[in-house]
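> Here is my input; please provide its structure:
(2 chains)
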Amino acid sequence: MSNRFSKLGWIALAALLIVGLIALPACTAPPAEQQEEEEEEEEPGGPAIPYKNDGLFVQMIIGLPETLDPPAAYDNASGEQLEYVYEGLVYYDREKTGDFVELLATDWVWSDADLTWTFTMRDGVKFHEGGDLSPEDVEYSFERGMIYDRVGGPMWMLFEPFFLVGHYRNLIPSYDPLSETWEATDQELVDAFALVDAVVEVDGNTVVFQLIDPAYKLIFLQSICYPGSGAIVDKEWCIANGEWDGTAADVPNHYQQEDGTTYLWTHMNGTGPWKLNDFEQGVQIKVERFDDYWRDPAPFEFIITQLVEEWTTRKQALLAGDVDSVDVDKMYIPEIEGVADLLQIKDLPELVGVAVYFNQDIDMEGNDYVGTGQLDGNGIPADFFSDVDVRKGMCYAFDYETFLAEVMLGEALQVASPIVDGLYGFNPNAEMYDYDLAKAEEHFRAAWGGEVWEKGFKVTLLYNAGNDMRKAVCEILAENVFSINPKFQITVLPLDWGTGMVPLLRSYRLTTYVCGWGADYPHAHNFVVPFMATFGTFTEFMGYGSLELDAALQAALLETDPEEQLAKYYAIQQTWYDDPAGIMLYQTSGRRWFTKYIHGFYFNPMMSSDAGPLYYMTKSPS
Amino acid sequence: MQLRAYIVRRLLLLIPVLFGVTLFIFGITMLFSPTARAMLFIRDPKQLANIPALIELYGLDQPFVVQYGNWIGQVFQGNLGYSKIVSMPVGDAIVNFLPATLELAIFATPLIILAGILLGTTAAAHKDKPLDHGTRVVAILGWSLPTFWLGLMLIMIFYGFITGFLPPGRLSVQMDLLVSAAPFVRYTRINTIDAILNLNGPVLLDALRHLVLPVITLSVVNVAFIMRLMRSSMLESLGKGYILTARAKGLSERVVNKHARRNALIPVITVSGYLFAALANGVVITETIFNYKGLSWWAWQSAINLDIPAILGFAMFNAFLFVLVNLVVDILYTRVDPRVRLGEAVQ
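Numbers count the residues shown, from 1 in each chain, chains lettered A, B, ... in the order given. All right, here's what the predicted structure looks like:
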């Protein structure tokens, strides 16, 4: 009797538990059809979000800054923090990308005759560490940036308007772009400084910038709005902390200083509305209100930016009101779209192009992402992607339609080249790749004289951890390529952005790279250079481009006849199609998500901060 | 053997153990070529030209013994290298991230052990009855649940459905700002302990509120192991002659269980020690899901980003912790079982 009872009890308990386990997920995530039915019964608007953290702006994002040193910073996460702490001479007038408002300059005048911009400096501005702003700080900041000239950094945007070149090295007469062993001597570095010194001059309370071509008149103003290239630092404070001393003789000590070795890499001292409070790498960064700010005090006492890779954690924190804004990948939009207490700003005309970029000249030493390093089915050689058939095969193997529909939920467009829709020079009828496994196979069979098809390959495709859209890109590509030939194996791996991806990229070890480019200024030139010029932010590390192509890109920019210029940009797009450096994926329309207590957001595609112009925004329970 | 002498002897034993561990770990890194290891220092294209200089600077082409000697010499000077993924020395990273993980382990381990002992004893005492079956099924289900799934479910229910009730992270934003500024002193960086030392009730409550879900997650997943061990150990004890004698003499079941439980605890103590060490090292998923960034999160990031100094440092710390825990477990044996004498084999 007792045994029978215990068996029954066991069965009953097990049944209860199974039912409970089934019911639990059902409570939390009903299937789509059921959800539709339930939505009719549910109160519209989802959970009420409580008002919390008065006076603070808290956000959870998927990547923290790589660096806090302005001329080294060239990623959104870094740029965003620079925008809070540093200021430039001028900035965009709200949403407008061609009109500017005063910041540290009160006036700016263009001279057609001299090709100069003259900025009159504001008085009474203090740096966070107590120094007073002077025109000499401006000269120092620009010259320090150009001397630093971090490879892949933002200073190319200033070298071009000043010198029509991309780097400091181009100012040295002996520089040979085709030489792999060329290295500047200290004396050459010192001598070249005279050129840099001459293009930024202090004249009383003004600073004069000498441009080289009128084509850069507007681009220059736009370029200095980006905090990496335009942030003004305190000269005395920098020198006191071991930075460049402002003389030609000290240039060799600071030219292309190694990453992480500048004092400003982890320390900040700007004139902006917030000052750095604390930066815990991998955890969070906090900036706090600067009480001696020259304008009205900042609306938020602190801006706290936390790194949270897990989507559910970010979502629930937003819904609980513990944070004011979070990164939302497109595929998660349905999970929060109906919540009434969320402020959703959609259809933002972002100028962002995303691509899978292939490295055609991989550094194999110490590289764990290339397998054996041979074309033997268990790895790839350094120049594997230099065969255009490999790249074209990859382009045809990506299922654009499915990705755009199911991952991006229709909120993105496939683009043909780095010149995205909305930029002058965009060709709406440009040829683009479609998903065609037969053509992909054709190209893979032709690649490396048939060796690729016969032996196969094994490679690691990396994406920045937490970016689930890019993860989906990698997985789709890996699966499709594998379906063409089981010997084609792509391993997908997430890496932290600032500490994993960037160092790998910068040491030429990334094999493939899902990269996105957001506009510094709204011109095709700002997109074709990073993706296609030999000194471009991506190209520099990916072995693509040629001097001829560099010349074509510059010719397109300097062309004064609009029709001719358009034709030149169309030709550049065709070049990308014929010789793709990577798979050009998509251009997305943006959304931003806040709790309803955040007010005053406006959008300018050039802003680094996804949270918007926080100085002009407020938070209140009303 | 005197307790003090035993502890000293075991601590001395730590030296060859750590030596072996470091030798093994360092040996694995030597499988990479000098150039490959020099590349790990490269963050910047400018450094690429300096690889031979880096190899020379760090002696990466020297014989194994020399390189190991150089490295261990640095370790003795407190220099465990630099963790690139968190931009700080490895020693600082351990000090920085250990408190979070330790705090989880400190709260989760007793809960797991107590629940495991209680459930195991109950199950054994009601062998083959519904209570026994039910306890085992529940425990095994807990054991079978994927940590990430359970964690996410708990967040969705206790942070989502019951809005903001039990949040992830270590502290709320307001409390984080409070503990970061004077006059709050961060003695240990273990929030609950620091809150007590600072006599700060709100911080203590906030820290506890943030601990509930990760501790439950760890407990649910791990309690089954202790419970099953306790049950089988208890059953074994209950079948022993002295228990049968006690029953024959008419002792109550409560007293019988008490005697049996004491002897059944020995294997549980062994496992519990390792459980603590394991929790203090390997709760990656829990730390990630609950945004509770501790040692495991750092170790995991180091592993996928090939941050070799960090991996070496973590492995050394891991070995040290396990040896230390082993010592504590041995000492605990003597308290539970008087037959066990330190320095002698367990009977």
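> only C-alpha atoms for contact and neighbour calcs from this point on.
Will do.
> now do the same end-to-end measure for stretch A:325-345.
12 Å (Cα to Cα, to the nearest Å).
> Is chain B within reach of it?
No - against chain B, stretch A:325-345 shows no contacts by Cα under 8 Å from any Cα of the partner chain, the least distance being 11.9 Å.
> nearest residue to B:V271 other than its sequence neighbours?
For B:V271, ignoring the flanking residues on the chain, the nearest one in space by Cα to Cα, 6 or more residues apart in numbering or on different chains is B:I226 at 7.6 Å.
> Show me what whichever strand or helix holds the one you found is packed against.
Element membership for B:I226, per DSSP states H and E: helix B:201-238. Packing partners of helix B:201-238 (3 or more Cα pairs under 8 Å, 6 or more residues apart in numbering or on different chains; DSSP states H and E): helix B:90-125, helix B:130-144, helix B:147-155, helix B:173-180, helix B:191-197, helix B:253-279, helix B:284-289.
> ok, now with 10 Å
helix B:90-125, helix B:130-144, helix B:147-155, helix B:173-180, helix B:191-197, helix B:241-248, helix B:253-279, helix B:284-289 (3 or more Cα pairs under 10 Å, 6 or more residues apart in numbering or on different chains; DSSP states H and E).
> Can you mark which positions in the fourth one are buried?
Think helix B:173-180. B:173-174, B:179 (16 or more other Cα atoms under 10 Å in any protein chain shown).
> can you check stretch A:286-306 too?
Neighbour-count burial for stretch A:286-306, with 16+ other Cα under 10 Å as criterion, is recorded at A:286-290, A:292-294, A:298-306.
> and the closest residue in space to A:F535 that isn't next to it in sequence, how many neighbours?
Spatial nearest neighbour of A:F535, chain neighbours left out: A:G166 (6.3 Å); criterion: Cα to Cα, 6+ apart. By other Cα atoms under 10 Å in any protein chain shown, the residues close to A:G166 number 24.
> Smallest gap between chain A and chain B, at which residue?
A:G366 (3.5 Å; Cα to the nearest Cα).
> mind listing the helices for the stretch 451-600 of chain A?
A:451-455, A:468-484, A:502-506, A:525-532, A:547-558, A:562-578 (DSSP state H, counting those that start in this stretch).
> Adding mean neighbour count and mean pLDDT, write these out as CSV.
Shown next, in CSV, are the helices of the stretch 451-600 of chain A (neighbours: other Cα atoms under 10 Å in any protein chain shown; pLDDT from 0 to 100):
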stretch, mean neighbour count, mean pLDDT
helix A:451-455, 17, 96
helix A:468-484, 20, 93
helix A:502-506, 23, 80
helix A:525-532, 24, 94
helix A:547-558, 16, 95
helix A:562-578, 18, 96
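> can you list the weak-confidence ranges in the chain?
Since no chain was named, I'll use chain A. A:1-47, A:498-499 (pLDDT under 70).
> Sorry, I should have been clearer: chain B.
Looking at chain B by pLDDT under 70, you get B:1, B:39-50, B:281-282, B:338-347.
> need the contact list for residue 211.
This is for chain A. A:114-117, A:158-164, A:199-200, A:217, A:220 (Cα atoms under 10 Å, 6 or more residues apart in numbering or on different chains).
> hm, I was asking about chain B
Applying Cα under 10 Å, 6+ apart to B:L211 gives the contacts B:103-104, B:107-108, B:166-171, B:192, B:205, B:290, B:292.
> How about whatever residue of the stretch 201-347 of chain B ends up closest to chain A, nearest residue that isn't a chain neighbour?
Across the stretch 201-347 of chain B, the shortest distance to chain A (Cα to the nearest Cα) belongs to B:N305, at 5.6 Å. With Cα to Cα, 6+ apart as the criterion, B:N305 has its nearest non-adjacent residue at 5.6 Å, and that residue is A:G500.
> A:S507 is in contact with that neighbour, correct?
No - applying Cα atoms under 10 Å, one finds A:G500 not in contact with A:S507, separated by 11.2 Å.
> Looking at the two, which is more packed in?
A:G500 (25 against 21).
> got a list of what residue 223 touches?
Picked chain A for this. Counted by Cα under 10 Å, 6+ apart, A:S223 has contacts A:91, A:154-158, A:161, A:216, A:229-230, A:520-521, A:526, A:606.
> My question was about chain B, not that one.
With the criterion set at Cα under 10 Å, 6+ apart, B:V223 makes contact with B:108-109, B:111-117, B:119-120, B:139-140, B:142-143.
> cool, A:K596 as well?
With Cα under 10 Å, 6+ apart, A:K596 has these contacts: A:49-51, A:321, A:324, A:340-344, A:619-622.
> out of those, which is most surrounded?
Going by other Cα under 10 Å, A:D324 tops the contacts of A:K596 with 27 neighbours.
> just to revisit the earlier point, mind putting the helices of the stretch 451-600 of chain A in a markdown table, distance to chain B included?
Listed next are the helices of the stretch 451-600 of chain A as a markdown table, based on distance: least, Cα to the nearest Cα, whole Å:
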| stretch | distance to chain B |
| --- | --- |
| helix A:451-455 | 26 |
| helix A:468-484 | 15 |
| helix A:502-506 | 5 |
| helix A:525-532 | 17 |
| helix A:547-558 | 20 |
| helix A:562-578 | 26 |
